[in-house]
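>>> Sequence first, predicted coordinates after that:
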Amino acid sequence: MQLNKCLISVVTLAVLISGCSRKEEILQGERLDLRASKGETAGVTDETALNAANGQAISLPAMRSNASWTHRNGTTAHAISHPALSTTPTLRWSRDIGTGTTARLRVSSDPVVADGRVFTLDADGRLSAFSTSGGAVWSVDISAPTDTKDSISGGGLAYGDGILVATTGYGEVYAMDPATGTKRWSHRVHASVSSAPLVTNGKAILIAGNNKAVALELSNGRIAWEKDTAQSGAGVIGTGSPAAAGKITYLPFATGEISANLMDSGLQLWTQVVSGYRLGSARGFVDAFSGEPVVSGDVVYAGKQSGRLTALNRRTGERLWTIKEGALGPVWPVGNSLFVVTDENKLKRLNASDGSVIWSQDLPQYKNAKRKRGAYAHYGPVVAGGRVIVAGSDGQLRSFDPTNGNLVASTSIPSGAASQPAIAGGVLYILSNKGQLHAFQ
């Protein structure tokens with residue numbers, strides 16, 4: 001009885017005290033994320049703000065018919081302004097390149113175009129050359145070395161100084177004669193290589209799986225210089241490859257570090273770490289750059305699928321801005337805007353000066369959206385023919401209006417896309433999951 005009286009007294013006292021307390025004052029002002037890094041913003045996520053910004057004009061440069069596409073996004077800087085292409089490209093021809101994506105292997109290389117030929121690398125090390133009209137020119141096997149029995153995906157292609165360079169998941173680097181497919185030299189880096197090389201200024205530069213940058217002399221395959229960085233616990237197939245501007249190369253490492261180095265000697269000029277991740281996403285644990293560094297003017301743009309996209313001064317490494325948006329591939333800078341496919345499978349147009357969102361368009365994410373199974377991959381974007389183009393593994397080549405993001409056209413891709421598009425001579429080339437090269441014009 002005495003205990004009950006005590007409890008009643010305590011409860012009564014608590015009620016009286018709470019009744020006398022003042023109402024909590026809500027402070028006015030902007031709310032800032034305590035987890036944000038210096039210069040980092042969340043971008044515009046409010047749909048009202050996005051809709052208000054829709055229709056913002058964009059000035060695209062005149063279309064130009066480029067003859068070659070030597071690296072991802074066209075050049076060693078991974079940036080090319082506005083290649084010529086039909087506003088409604090249709091499938092002209094398809095050719096088998098070898099093994100496509102399977103349960104064990106994955107197409108990880110993009111086609112490159114040079115010297116009137118289209119070069120491809122399948123999921124199992126078959127390197128081929130085709131004419132731009134689809135005729136087979138040559139094909140060679142650069143798959144597993146004799147001391148390796150396992151099949152490993154990875155690697156990529158790049159062209160420069162009259163030489164085609166191929167990397168493989170086995171850690172092999174091959175310099176090939178683009179006319180005949182004859183091997184000029186090969187070099188083993190003793191680590192897997194999951195991305196394409198950079199080929200320019202007499203060097204072939206690559207990032208190995210042990211998080212080491214290796215520069216090889218293009219003339220003979222000998223090591224020119226190496227750069228080590230911290231080991232990383234996680235990487236992905238088809239990560240970003242180095243970029244170049246003038247005599248400087250920009251190296252993206254799996255630790256989230258980007259380094260500017262002199263091409264001739266490897267001397268480091270600056271280094272910057274892009275940190276942070278999207279909360280609640282498994283991709284947040286992968287620090288590797290899924291998008292190549294893209295050099296445009298005095299700015300280097302680099303994105304990670306973990307949920308960060310940053311802009312750096314290419315000469316000093318100073319961080320200009322960082323936003324909480326990941327990038328699944330290289331961004332496309334044009335008309336004071338950036339176009340990007342984000343880690344949340346959204347196509348977005350950003351303001352290049354601060355990373356703010358101008359418009360956002362959802363892309364299909366899953367075959368079974370309710371159960372979130374069968375994730376789709378989206379490749380691009382590329383801005384060509386006055387349209388923003390994204391290729392999907394769901395089997396659609398989509399074209400969007402760059403001004404407002406409206407879908408304006410969609411074309412079927414047999415077996416779905418498995419690579420970034422390559423555009424040359426007014427033709428868009430892309431690889432499919434079944435190991436085919438498709439040409440759209």
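Ah, there it is.
>>> use CA for all of it now, contacts and neighbours both
Fine.
>>> ok, then the element right after the least confident helix or strand in the chain by mean pLDDT?
None of the helices or strands of the chain scores lower by mean pLDDT, DSSP states H and E than helix 47-53, at a mean of 44. As assigned by DSSP states H and E, the chain's next helix or strand after helix 47-53 is strand 91-96.
>>> Now do that next one: distance to the chain's middle.
25 Å (CA atoms, centre = their mean, to the nearest Å).
>>> Pull out the buried residues from stretch 292-304.
292-296, 299-304 (16 or more other CA atoms under 10 Å).
>>> what does stretch 350-366 give?
In stretch 350-366, counting by 16+ other CA under 10 Å, buried: 350-352, 354-360, 363, 365.
>>> Switch the buried residues of stretch 292-304 over to a markdown table; also include distance to residue 269.
Converted to a markdown table, the buried residues of stretch 292-304 look like this (distance: CA to CA, whole Å):
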| residue | distance to residue 269 |
| --- | --- |
| 292 | 19 |
| 293 | 16 |
| 294 | 18 |
| 295 | 16 |
| 296 | 18 |
| 299 | 15 |
| 300 | 14 |
| 301 | 17 |
| 302 | 17 |
| 303 | 21 |
| 304 | 22 |
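>>> now, the most widely separated pair of these?
296 and 304 (18.1 Å; CA to CA).
>>> rewinding a little: can I get the buried residues of stretch 292-304 in CSV including pLDDT?
Listed next are those as CSV, based on pLDDT from 0 to 100:
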residue, pLDDT
292, 89
293, 95
294, 97
295, 98
296, 97
299, 98
300, 97
301, 97
302, 93
303, 90
304, 86
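>>> Of the residues you listed, which is the nearest to residue 142?
Nearest to residue 142 among the buried residues of stretch 292-304: residue 292, at 24.5 Å, using CA to CA.
>>> Looking at residue 308 now. What's its pLDDT?
Note on residue 308: pLDDT of 90.
>>> Around residue 95, how many other residues sit close by?
Residues lying near residue 95 (other CA atoms under 10 Å) number 15.
>>> one step back: redo the buried residues of stretch 292-304 as JSON lines? Include distance to residue 94 and secondary structure.
Shown next, in JSON lines, are the buried residues of stretch 292-304 (distance: CA to CA, whole Å; DSSP: H, G, I helix; E, B strand; the rest coil):
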{"residue": "292", "distance to residue 94": "28", "secondary structure": "coil"}
{"residue": "293", "distance to residue 94": "31", "secondary structure": "coil"}
{"residue": "294", "distance to residue 94": "30", "secondary structure": "strand"}
{"residue": "295", "distance to residue 94": "33", "secondary structure": "strand"}
{"residue": "296", "distance to residue 94": "33", "secondary structure": "strand"}
{"residue": "299", "distance to residue 94": "38", "secondary structure": "strand"}
{"residue": "300", "distance to residue 94": "36", "secondary structure": "strand"}
{"residue": "301", "distance to residue 94": "34", "secondary structure": "strand"}
{"residue": "302", "distance to residue 94": "33", "secondary structure": "strand"}
{"residue": "303", "distance to residue 94": "32", "secondary structure": "strand"}
{"residue": "304", "distance to residue 94": "32", "secondary structure": "strand"}
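>>> Was I right to think residue 106 contacts residue 98?
No - the criterion here is CA atoms under 8 Å, and residue 106 misses it with residue 98 at 11.9 Å.
>>> Appreciated, that's everything.
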